[in-house]
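1. Quick one: sequence plus predicted model below, questions after.
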Amino acid sequence: MLGLAPRGAALGSAAPVLPSLLHLARQFTEWATVDPKKLSGAAPASCQNLVAGRWTGSRESRQLPDPLNGEPFISVPHTQVDEITPFVESLRAVPKSGLHNPLKNPQRYLLYGDVSFRVAAEMRKPAVEDFFARLIQRVAPKSYDQALGEVRVTRKFFENFTGDQVRFLARGFTNPGDHAGQTSSGTRWPYGPVALITPFNFPLEIPALQLMGALYMGNKPLLHVDQRVSVVAEQLVRLLAHCGMPASDLDLLHGPGATVGEVIKRAEPRSTLFTGSQRVAERLAVETHGKVFLEDAGFDWKIMGPDVSNVDYVAWQCDQDAYACSGQKCSAQSILFAHSNWVQAGLLNKMAAAAAQRQLSDLTIGPVLTWTTEAILAHTNKLLQIPGAKVLFGGKPLTGHSIPAVYGAVQPTAVFVPLVEALKPEHFGTVTTEVFGPFQVVTEYGDGQLPLVLEACERMTHHLTAAIVSNDINFIQHVLAHTVNGTTYAGIRARTTGAPQNHWFGPAGDPRGAGIGTPEAIRMVWSCHREIITDFGPVPPASGLKQS
Ligand SMILES: NC(=O)c1ccc[n+]([C@@H]2O[C@H](COP(=O)([O-])OP(=O)(O)OC[C@H]3O[C@@H](n4cnc5c(N)ncnc54)[C@H](O)[C@@H]3O)[C@@H](O)[C@H]2O)c1
């Protein structure tokens with residue numbers, strides 16, 4: 001309630017007529033159960049599961065270490081396999097025809113347009129935007145600008161699906177039939193019970209965009225987010241409920257990945273969207289008998305054409321692509337193929353200078369959550385065994401910090417590997433291993449060596465993002481024509497990172513590959529095609545019927 005001035009209160013009277021700023025800030029997040037500004041070992045937060053519309057705990061909890069100083073600061077349900085029956089039953093209770101579809105409960109499309117409108121309005125409030133940005137920073141340390149960018153992309157996504165836009169997602173088509181009374185119509189049908197598993201690196205954006213896609217299309221999702229960051233998704237779910245989402249429309253399961261894996265085995269959701277590592281992706285593909293959509297490993301390349309221009313800008317973009325969020329973006333620049341003209345123009349020195357500006361104090365470099373310092377340095381040393389390989393910059397641990405040893409802490413690093421050596425079968429696997437941290441491989445090619453670069457792209461196994469940095473249309477068309485990555489930027493401003501709400505983001509070249517964010521992605525991942533052929537007559541006279 002806004003503390004408006006009481007009727008008749010005189011201006012200038014001693015009684016306060018406006019609510020205090022503190023009160024306003026608090027009411028903006030009345031649905032929240034954590035305060036990211038206070039969150040610490042001294043003021044820990046705790047999380048809850050949501051199942052069948054009820055918030056619950058679990059027998060055991062895990063105390064998460066603060067990634068910046070190791071103090072236990074969040075207690076998260078450590079849900080065990082013997083506690084999953086309510087989650088299995090909740091999913092099993094969902095009909096295959098979903099909670100809504102074009103013929104059932106169509107008012108729910110409008111409900112979700114309305115929920116999205118309210119969430120977007122809430123997220124426009126500076127206090128709410130700041131709440132999510134800071135909460136993201138506390139669990140997946142990244143600079144404030146990067147965290148705020150994640151919140152704003154999420155808000156714009158909600159804005160995109162307000163009003164009638166959810167209903168339009170389920171748009172179908174009709175074709176005239178063979179005779180009077182017959183029409184065929186293509187419809188978008190939900191899967192019903194579905195699962196959604198997302199990683200740590202974008203704790204708000206990935207769960208929000210995929211979750212809403214699942215809900216918009218009429219499914220009931222079981223949501224599981226990496227437990228190191230799932231506090232953010234829980235706050236999103238609380239905001240959704242505050243904005244009118246029926247609390248029983250989704251379940252939220254905190255805990256180890258193995259527990260959600262077991263729920264999936266027993267509940268057999270009709271489809272599962274997984275975002276995370278290749279290892280778990282392949283395992284789920286087998287366990288679900290292929291009923292998966294995957295957004296997995298990203299070994300992302302950037303090719304720089306022979307035409308050099310705007311070297312300062314391009315070096316800045318390389319630094320952003322490789323090291324923003326400490327390289328923990330699936331779209332991060334993993335390998336750079338620089339034409340010799342760029343090397344001669346001083347690109348690598350400018351990249352080194354940009355990387356040297358990054359610092360822990362503003363989280364432009366920070367903890368690595370899935371690779372330890374030792375593992376990153378061991379990988380660096382393995383690359384350095386390749387003839388001609390050398391460290392261009394970085395290659396050392398960060399110093400003067402209290403990041404716990406379970407996480408990694410290394411300088412932004414670039415290792416140069418000669419192209420011909422990189423292509424040798426004994427080296428190729430190491431060179432193209434995705435290091436989910438501030439790390440990239442750099443190589444150089446000369447005139448006449450583009451076929452070797454394209455051969456490297458052909459032999460890579462995953463095709464998520466890519467960048468072709470050039471303004472030479474013939475060069476760009478040639479590279480585009482011979483490669484397949486799902487999200488490819490081309491032009492002098494090309495980047496590998498960038499997963500906004502306004503374009504498709506996802507891999508190509510794999511029939512299991514998913515997409516995120518756009519109407520096409522939502523329709524493809526969260527609904528299937530159903531053809532309904534209506535044939536009401538008039539019926540022809542029986543005398544004219546022939547057997548065949
Ligand atoms: N392609 C994309 O859009 C995209 C986006 C973000 C991250 N990623 C990839 O994610 C990886 C980094 O994340 P990570 O290494 O922490 O991923 P991960 O595979 O270890 O974890 C991802 C999720 O899977 C869950 N999980 C773990 N074991 C499971 C099991 N047996 N059954 C079901 N779920 C299980 C985890 O709890 C977590 O929520 C990188 O490879 C990165 O490229 C890809």
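-> Arrived safely, thanks for sending.

2. Could you list the low-confidence segments of the stretch 401-548 of the chain?
-> Under the criterion pLDDT under 70, no range of the stretch 401-548 of the chain is flagged.

3. all strands for it, in order.
-> Under the criterion DSSP state E, counting those that start in this stretch, strands of the stretch 401-548 of the chain are mapped to 413-416, 439-445, 465-469, 487-490, 528-535.

4. for the fourth one, the distance to its chain's centre please.
-> A distance of 18 Å separates the centroid of the chain from that of strand 487-490, by CA atoms, centre = their mean, to the nearest Å.

5. Paired strands for that strand, with orientation please.
-> strand 465-469 (parallel) (DSSP bridges).

6. Output the strand it pairs with as PDB, restricted to C-alpha atoms.
-> Below are the C-alpha coordinates for strand 465-469, written out as PDB (Å, rounded to 0.1, in the frame of the first residue of the first chain):
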ATOM      1  CA  THR A 465      28.100 -19.200 -31.800                       C
ATOM      2  CA  ALA A 466      30.600 -17.800 -34.300                       C
ATOM      3  CA  ALA A 467      31.800 -14.500 -35.600                       C
ATOM      4  CA  ILE A 468      33.300 -13.500 -39.000                       C
ATOM      5  CA  VAL A 469      35.000 -10.200 -38.500                       C
END
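
7. quick one: Q182 from the ligand, how far?
-> Shown here: Q182 relative to the ligand, a distance of 43 Å by CB to the nearest ligand atom, to the nearest Å. All C-beta spots, glycine's among them, are computed from the backbone N, C-alpha and C.

8. okay, now that residue: neighbour count?
-> Look at Q182: counted by other CB atoms under 10 Å, it has 14 neighbours.

9. Also D82?
-> Counted with other CB under 10 Å, D82 comes out at 9.

10. How about the protein: which residue is closest to the ligand?
-> Ranking the residues of the chain by distance to the ligand (CB to the nearest ligand atom) places G257 first, at 2.2 Å.

11. for the residue positioned nearest the centre of the chain, what are its contacts?
-> The residue lying closest to the centre of the chain (CA atoms, centre = their mean) is I206, at 3.2 Å. I206 sits next to 198-199, 275, 516 when contact means CB atoms under 8 Å, 6 or more residues apart in numbering.

12. So for the helix or strand encompassing it, mean pLDDT?
-> Assigned by DSSP states H and E, I206 belongs to helix 205-216. Here helix 205-216 scores 98 as its mean pLDDT.

13. next SSE after it?
-> strand 220-225.

14. right, and the helix or strand after that following strand?
-> helix 230-242.

15. my read: A322 touches Q440, true?
-> Yes - here A322 reaches Q440: they are 4.5 Å apart, a contact under CB atoms under 8 Å.

16. Poorly predicted segments of the chain, please.
-> Looking at the chain by pLDDT under 70, you get 1-28.

17. how does it divide up, domain by domain?
-> 50-296+519-527, 301-490 (the TED database).

18. Relative to Q501, which of those is closest?
-> domain 50-296+519-527 (4.0 Å; CB to CB).

19. Span of the closest one from start to end?
-> 24 Å (CA to CA, to the nearest Å).

20. Equivalent analysis for stretch 458-466, please.
-> Stretch 458-466 has an end-to-end distance of 13 Å (criterion: CA to CA).

21. is it true that P256 touches H78?
-> Yes - using CB under 8 Å, P256 is in contact with H78, at 6.9 Å.

22. Please enumerate the shared neighbours of these two.
-> In contact with both P256 and H78: Q227, using CB under 8 Å, 6+ apart.

23. okay, now E71: neighbour count?
-> Residues near E71, counting by other CB under 10 Å: 15.

24. Please apply the same query to I532.
-> I532: 14 neighbours (other CB under 10 Å).

25. quick one: which helix or strand includes the residue lying closest to it once chain neighbours are set aside?
-> Of all residues not flanking I532 in the chain, S185 sits nearest, at 5.2 Å (CB to CB, 6 or more residues apart in numbering). Per DSSP H and E: S185 is located in strand 182-189.

26. Direction included, what does that strand pair up with?
-> Going by DSSP bridges, the partners of strand 182-189 are strand 173-176 (antiparallel), strand 528-535 (antiparallel).

27. deepest of those, which one?
-> strand 528-535 (a mean of 13; mean count of other CB atoms under 10 Å).

28. Contacts for it next, please.
-> 177, 181-189, 191.

29. If any of those residues are buried, give me the PyMOL selection for them.
-> Listed next is the PyMOL selection for buried residues among the contacts of strand 528-535, using 16 or more other CB atoms under 10 Å:
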select buried, resi 187+188+189+191
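
30. shouldn't R62 be in contact with S230?
-> No - the criterion here is CB under 8 Å, and R62 misses it with S230 at 10.6 Å.

31. Return every residue with contacts to both of the two.
-> With CB under 8 Å, 6+ apart, R62 and S230 have common neighbours V76.

32. Which one's more surrounded, those two?
-> S230 (27 against 18).

33. follow-up on the earlier one: the contacts of strand 528-535: which two are farthest apart?
-> G181 and Y191, at 31.2 Å, using CB to CB across these.

34. Among the contacts of strand 528-535, which one lies nearest to Y112?
-> Nearest member of the contacts of strand 528-535 to Y112, counting by CB to CB, is R188, at 14.1 Å.

35. which residues are in contact with stretch 378-398?
-> In contact with stretch 378-398 (CB under 8 Å, 6+ apart) are residues 348, 351-352, 355-356, 360, 365, 373, 377, 409-418, 421-422, 427, 430-431, 433, 435, 438-439, 441-442.

36. could you redo the last one with a cut-off of 6 Å?
-> With CB atoms under 6 Å, 6 or more residues apart in numbering as the test, stretch 378-398 has contacts from 348, 352, 355, 373, 409-418, 421, 427, 430, 435, 442.

37. One more: stretch 356-370?
-> 67, 141-143, 200, 326, 401, 403, 407-409, 412, 436-437.

38. Same check on stretch 99-118?
-> 158, 161-163, 166-167, 170, 187, 189-190, 216, 218, 220, 243-245.

39. Quick check on those residues: which are buried?
-> 158, 161-162, 166-167, 170, 187, 189-190, 216, 218, 220, 243, 245.

40. Please list the residues of the stretch 151-300 of the chain that sit near the ligand.
-> 197-201, 224-226, 257-258, 260-261, 275-277, 280, 283-284, 295-298 (CB under 6 Å from any ligand atom).

41. redo that, cut-off 5 Å
-> Selection of the stretch 151-300 of the chain residues close to the ligand by CB under 5 Å from any ligand atom yields 197, 199, 226, 257-258, 260-261, 275-277, 280, 295, 297-298.

42. Quick one, which of the residues you listed are buried?
-> 197, 199, 226, 257, 260-261, 275-277, 280, 295, 297-298.

43. Next step: the residues you listed restricted to helices.
-> Those of those mapping onto helices are 257, 260-261, 280, per DSSP state H.

44. Could you measure from L196 over to G276?
-> Counting by CB to CB, to the nearest Å, the gap from L196 to G276 is 11 Å.

45. ok, now L236?
-> 18 Å.

46. what does K125 give?
-> Counting by CB to CB - K125 and G276 are separated by 31 Å.
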